[in-house]
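S.K.: A structural model of the following input is requested.
(3 chains)
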Amino acid sequence: MHNLLHNLNPEQLAAVTLPAQSALILAGAGSGKTRVLTTRIAWLIQTGQVSPAGILAVTFTNKAAKEMMTRLSAMLPINTRGMWIGTFHGLCNRLLRTHYRDAALPQTFQILDSQDQLSVIKRLLKANNIDDEKYPPKTVMYFINNAKDQGLRADKVEAYDPIERKMVELYQMYDDQCQREGVVDFAELLLRTFELLSRNQPLREHYQQRFKHILVDEFQDTNDLQYNWLKLMAGHGQSNGGGALFAVGDDDQSIYAFRGANVGNMSAFEREFKVQNLIKLEQNYRSHGHILDSANMLIANNSKRLGKNLRTDAGHGEPVRIYEASSDLAEAQWIIEESKSLIAEGASRSEIAVLYRSNAQSRVIEHALFSAGIPYHVYGGQRYFQRAEVKHAIAYLQLMDNPHNDSAFLRVVNFPTRGIGLRSVEALQAAADQYGISLYAAVPYVAGKAGSSLGNFVKLVEGARFETQQMPLPELVRVVLEASGLLTHYQTEKEGADRIENLEQMVSAATQFVSEEGFGQGAPAHLGPKSLAQAGDAIVNEDGIEIIDADAALPTVMSPLSAFLSHASLEAGDNQATVGQEAVQMMTVHSAKGLEFNNVFITGLEEGLFPHESSSREEGGVEEERRLMYVAITRARQRLYMCFAQTRMLHGQTRYNLKSRFFDELPEESLKWLSPKVQSHWSANSRKSAWDETPLVGSDNAIAQKLVQKSVSTGAGWRIGESVAHGKFGEGVIVNLEGSGSNARAQINFGSHGMKVLDLSIAKLDRLGR
DNA sequence: CGTGCGTCGATTTTT
DNA sequence: TCGACGCACG
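M.R.: Here you go, the predicted model:
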């Protein structure tokens, strides 16, 4: 046990060894948060305070859950089975599978990913002749998910206008449709579990008593439903008490409000649980001083913080280097030059990260890296299980497991083509609507030639199911790839080689899944009829209560095939296996959260881009952007670079941006402004002294001076891209010039004051710089 | 039934 | 600018 607590600092130690009460751990970036979480679990078990089965640890991503598992296995000699460590969605899936009957779901319910969900909605709109201009599928989807994330069913959503009323109606229709098909979307997994436990007292109490300790990672990212889910699990407000909720999070790293996360949950938790144990982890083990000072000073500009300041024992380190480029191309070129010298100094390419606010920015940088022959890896590409060919194969498997999944049916009914055209499908849809049944079930009601081709398709699926009944999962997958005609189809396609490779990878994915998830290598992928009949819900009623806990029941209620399909929906897999290569890492700031690198570039630091222009329209938007910047800065261990460009091509138009306001919020003494290679637009603020400290390199300086003087002496010669100052609107950049003489007008971007068109003969403008 | 062209839109993302 | 998607044609 001493080993366990050996290298913890006093705050970490205090957090790890807290009593079994609700606790809030404010864990700054790089403060050893995961270590605290895992060590606490290990400590609780090792000191005999709880058995592994009494632990419930919740994360947002599979990656985080896996990481916790791995670290725990290394710490504890005992088996980690019995502990429930997983994502909200994964844990809900487990509960719903076990208690499917109580949850009013079919045993083989399937999980829709966002793509599937959107297609269900599109289908729904079409089937009901709803104008998708007035009700765009994406908007409807957002409306539905938003309601579910707040824990609201259609009958509880308040509608204030006809559009909203229709949305609510669509929400209800959507839920009905999903119920008919036996499918649930991501939000539904949570809401359904929440409702199940709310309404079923014995079941609820069973799990409340079981989970003595509930630990949550990234608590600042919880939405309302997730928080209520946790409250329910922890038995909040119940006299017989439930588990102790140990919440770990960082309000300064809350960057997911746009998807429903509510930082307010942190203070709500503190208040509602009467949290006595609030511990701040402020010792940072990641970054050098200048980097940390920058992060601290920047984030201090936010109001409504719980309050936290990172400190380090490491020295100041290198200053933060800042570069102003003339264009997005020049910015990319500079990144390449700096990367090259880092690599020359011995830096590993995978320890260089290029971060950007939005994906569109990656193009130019990728291009430059490519031209320079530097290997790179872009995060956030398409995931394995999202690829079209893989989704097709999955759809066949889904139909074998639950033929009423209409999305799966439509995806492959005519793929590869087998003469089932639009008219056949329309006829089928009509029959299905008429009887209120699934497409699959409606096949017998379609007559004629269409009916017979459809009949053959059904036979194909039934045949595959029958044939594979006794097979282990990987073998089943192989048979389905063949029987579906997918392999043959891609063999004839000229660019099908990659796709075939992806399809064949599915067999190994199945093999790996079967061995990792303990479904037994030899077990048939389907359950025999007997085990299906026996498999059951927890038997729960008021008096003779017998609970079948999920641990015991799961293998009997879920076949390897069902489990594999859940896995495919819940874990979309990595994007491309280029991991082995030593490559520069490129990603959005959002996806960099949780990662760290020796060298980090934060790019495109311009008003409108970062902070993003749409953030100024949202309440608290700029503060969220600032937190995003905080996340970006705190990714760096040793060297941090920031850059921005005077001109940038965006959506086919050249934009002239002011440099980001965030530069004004950084400590000057930690920064090193690098010499501009071209005429500067003299950064529209009081950064002059910093320029002076870093004298311009001889010749560049002279050229820059001349250029500026020239533009001044031209008098009327205002220039697009030039920075100006206005008495009322402050600093801005000239974006466009029109007219001439006394009619001359300039369109000027004044950043937070917006875009203005000013008459140059009237407006009083000063050139900035000199 | 597959291809080709025109329109439209365009932060951020996990499950 | 560029890509995804929907519709018209061969």
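S.K.: in contact with the closest residue to A:Ile111 other than its chain neighbours, which residues?
M.R.: Leaving aside its chain neighbours, A:Ile111 sits nearest to A:Ser569 (3.8 Å; criterion: C-beta to C-beta, 6 or more residues apart in numbering). From N, CA and C alone the C-beta is placed, and that goes for glycine too. By C-beta atoms under 8 Å, 6 or more residues apart in numbering, A:Ser569 lies in contact with A:110-113, A:385.
S.K.: just the ones of these in strands?
M.R.: Using DSSP state E, the subset of these located in strands is A:110-111.
S.K.: please save the CA atoms from the host helix or strand of the residue nearest to A:Ile111 in CSV.
M.R.: A:Ser569 belongs to helix A:560-570 when assigned by DSSP states H and E. This file holds the C-alpha atoms of helix A:560-570, laid out as CSV (Å, rounded to 0.1, in the frame of the first residue of the first chain):
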residue,chain,number,x,y,z
PRO,A,560,-21.4,-12.5,-29.1
LEU,A,561,-23.0,-11.1,-32.3
SER,A,562,-25.2,-8.6,-30.4
ALA,A,563,-22.2,-7.7,-28.3
PHE,A,564,-20.0,-7.2,-31.3
LEU,A,565,-22.6,-4.9,-32.9
SER,A,566,-22.9,-2.8,-29.8
HIS,A,567,-19.1,-2.6,-29.8
ALA,A,568,-19.2,-1.4,-33.4
SER,A,569,-21.6,1.4,-32.6
LEU,A,570,-20.1,2.4,-29.3
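S.K.: in chain A, which strand has the most residues?
M.R.: Taking DSSP E as the criterion, chain A has its longest strand at strand A:636-650.
S.K.: I'd like the distance from the very next helix or strand once past it to the chain centre, please.
M.R.: Downstream of strand A:636-650, the first helix or strand assigned by DSSP H and E is strand A:653-656. Centroid separation for strand A:653-656 versus its chain: 29 Å, with C-alpha atoms, centre = their mean, to the nearest Å.
S.K.: hmm, who's touching strand A:653-656?
M.R.: With C-beta under 8 Å, 6+ apart, strand A:653-656 has contacts from A:608, A:646-649, A:720-721, A:733-735, A:749.
S.K.: those residues: which two are farthest apart?
M.R.: Distance extremes for the contacts of strand A:653-656: the farthest pair is A:Met649 and A:Ile734 at 17.7 Å, using C-beta to C-beta.
S.K.: which positions in chain A make contact with DNA strand C?
M.R.: By the rule C-beta under 7 Å from any atom of the strand, the part of chain A lying against DNA strand C is A:122, A:363, A:649, A:651-652.
S.K.: which residue sits closest to A:Arg40, ignoring its sequence neighbours?
M.R.: A:Arg40's closest residue in space is A:Val16 (C-beta to C-beta, 6+ apart), at 4.6 Å.
S.K.: list the buried ones in stretch A:757-770?
M.R.: A:758, A:760, A:763, A:765, A:768-769 (16 or more other C-beta atoms under 10 Å).
S.K.: pLDDT on it, on average?
M.R.: The average of the pLDDT scores along stretch A:757-770 is 73.
S.K.: and the residue nearest to A:Arg40, how close does it get to DNA strand C?
M.R.: Per C-beta to the nearest atom of the strand, to the nearest Å, A:Val16 is found 46 Å from DNA strand C.
S.K.: please consider this matter closed, and thank you.
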